[in-house]
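Novice: Got a predicted structure plus its sequence, pasted below:
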Amino acid sequence: MLYDIDFDLYLENHKTWLASKKFQNNRDDPAYCVEELEIQTINKEFAGKQRIFQQSMAQIVIELALVNQHKGSLVQQLNEQEKSLHQIPLESQVH
């Protein structure tokens, strides 16, 4: 699925980026503040992408359920059609 590939690629790129960063725990260092801001921004972006992904998956589940329901209806109609076709020759032979 295209979205799976895009999401996997995004995660791999994000992991690579995180591995390349040198995080410092010195709160007085301006670079630390910039890194914290970047992390917060990325976390918000990731949360947004995760929410969209979860919504998409929920919609896919609903669509799949509707397709399966429609399939069941079509199978039932086909069975009824076949049953009625098999009954027609028997009735015509009686008359």
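Specialist: Good, I have the coordinates.

Novice: Let's see the pLDDT reported for Asn68.
Specialist: Asn68 carries a pLDDT score of 97 in this model.

Novice: typed the wrong thing, it's Ile5
Specialist: So Ile5 comes in at 69 (pLDDT).

Novice: likewise the one 10 residues further on?
Specialist: Model confidence at Lys15, given as pLDDT, is 81.

Novice: got it, and Phe23?
Specialist: Phe23 carries a pLDDT value of 60.

Novice: same check, this time on Pro89
Specialist: 59.

Novice: Same check on His86?
Specialist: With respect to pLDDT, His86 has a value of 82.

Novice: Packing partners of whichever strand or helix holds His86?
Specialist: According to DSSP states H and E, His86 maps onto helix 30-94. Using 3 or more C-beta pairs under 8 Å, 6 or more residues apart in numbering; DSSP states H and E, the elements in contact with helix 30-94 are helix 2-20. The C-beta positions use only the backbone N, C-alpha and C, and glycine is treated the same way.

Novice: next one: the helix it packs on to chain centre, how far?
Specialist: Centroid separation between helix 2-20 and its chain, computed with C-alpha atoms, centre = their mean, to the nearest Å, is 17 Å.

Novice: Need the contact partners of it.
Specialist: Ile42, Phe46, Lys49, Phe53, Ser56 (C-beta atoms under 8 Å, 6 or more residues apart in numbering).

Novice: Kindly report the same for stretch 64-84.
Specialist: Residues outside stretch 64-84 that contact it (C-beta under 8 Å, 6+ apart): none.

Novice: What is the burial count for His14?
Specialist: His14 has 13 neighbouring residues, counting by other C-beta atoms under 10 Å.

Novice: any idea how far Phe7 is from it?
Specialist: Here the distance between His14 and Phe7 works out to 10 Å (C-beta to C-beta, to the nearest Å).

Novice: and what of Leu85?
Specialist: Taken as C-beta to C-beta, the span from Leu85 to Phe7 is 49 Å.

Novice: how much space between Lys71 and Gln77?
Specialist: 11 Å.
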